[in-house]
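Visitor: Build me a model from this:
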Amino acid sequence: MTTFEETKQLAQALHTARLFGTTSWESALAIILYGREIGLGPVSALMNVSIVQGKPTLGAAGVGALIKRSERFDYRVFELDDQHATVEFLERIDGKWAPIGRSTFTLDDARRAGLGGSQVWRAYPRNLVFARALTNGLRWYCPNVSLGSIYTPEEVAEVDPTAASAAAADAAAGVPVPGASESPPARTNGPVVTLEGLARAYGAEAVLAAAGGTLPSTDEELQAAAAHLAATTPTVGADAPEVVEATEEASS
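Guide: Numbers count the residues shown, from 1 in each chain. Presented below is the predicted three-dimensional model:
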């Protein structure tokens with residue numbers, strides 16, 4: 001079993017590598033430890049878990065993976081379109097899968113909650129009604145899969161609207177947002193930008209071109225490349241709603 005000191009050294013090494021946008025090795029350590037509790041390896045945890053307003057957040061893909069990996073629970077998409085999503089949850093009982101309930105979330109639900117008017121909801125309604133149906137169902141029917149409630153970055157940002165754009169931008173870049181008890185990053189003029197996040201949003205060739213043919217390595221170079229890409233280059237192969245918000249944040 002890995003000792004705490006070994007985990008600490010791993011967190012320090014992964015933070016120093018600058019691949020995951022962590023703000024400190026301590027935040028990397030917290031994410032690795034949380035990931036261990038819910039069954040994620042260190043790298044998977046750093047790629048998928050963010051801390052937004054002091055709460056662990058996980059995208060819908062990560063939530064679905066946790067459920068699918070469970071030997072006790074599973075889910076299947078019952079219906080899905082731009083207006084509504086219904087996810088049926090199943091539990092293995094006496095060796096057989098049995099439905100235990102359904103979670104439905106609609107665009108009307110989003111509007112009643114004051115969510116449907118945002119640009120992200122207008123651009124990606126299907127993605128977001130599915131994400132909300134899935135995370136609601138996790139909390140209702142199989143919370144032990146995640147050892148309690150798990151929120152997507154969008155859900156946490158909705159609780160505190162002032163954090164919405166920063167949370168979405170950091171989610172796109174793979175950046176854990178520090179909670180109130182953590183020290184903020186030394187740079188305070190915008191969301192942390194990582195090379196991994198830029199490549200995922202725009203493609204490696206576009207990033208190279210924006211940086212003059214070389215890989216950006218300093219914070220200033222990454223910020224300059226991000227601003228140039230946001231102003232001149234559409235995202236490629238990126239259908240995640242967070243990418244839309246990240247582009248808007250870098251443009252502003």
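
Visitor: From residue 19, how far out is residue 28?
Guide: 11 Å (CB to CB, to the nearest Å). All C-beta spots, glycine's among them, are computed from the backbone N, C-alpha and C.

Visitor: Check residue 226 too.
Guide: On the measure of CB to CB, residue 226 and residue 19 end up 16 Å apart.

Visitor: and what of residue 145?
Guide: From residue 145 to residue 19 the distance is 27 Å (CB to CB).

Visitor: Which of residue 28 and residue 19 has more residues huddled nearby?
Guide: residue 28 (27 against 15; other CB atoms under 10 Å).

Visitor: how far away is residue 225 from residue 21?
Guide: For residue 225, the distance to residue 21 - CB to CB - is 14 Å.

Visitor: Which strand residues bridge the residue lying closest to residue 72 once chain neighbours are set aside?
Guide: Leaving out its chain neighbours, the residue that sits closest to residue 72 by CB to CB, 6 or more residues apart in numbering is residue 92, at 5.4 Å. Applying DSSP bridges to residue 92 gives these bridge partners: residue 97.

Visitor: Same question for the one 10 residues further on.
Guide: On DSSP bridges, the residues paired with residue 102 through beta bridges are residue 88.

Visitor: what number of residues lie near it?
Guide: Neighbour tally, residue 102, other CB under 10 Å: 17.

Visitor: where's residue 2 relative to residue 9, distance?
Guide: According to CB to CB, residue 2 stands 10 Å off from residue 9.

Visitor: neighbour count winner among these two?
Guide: residue 9 (14 against 11).
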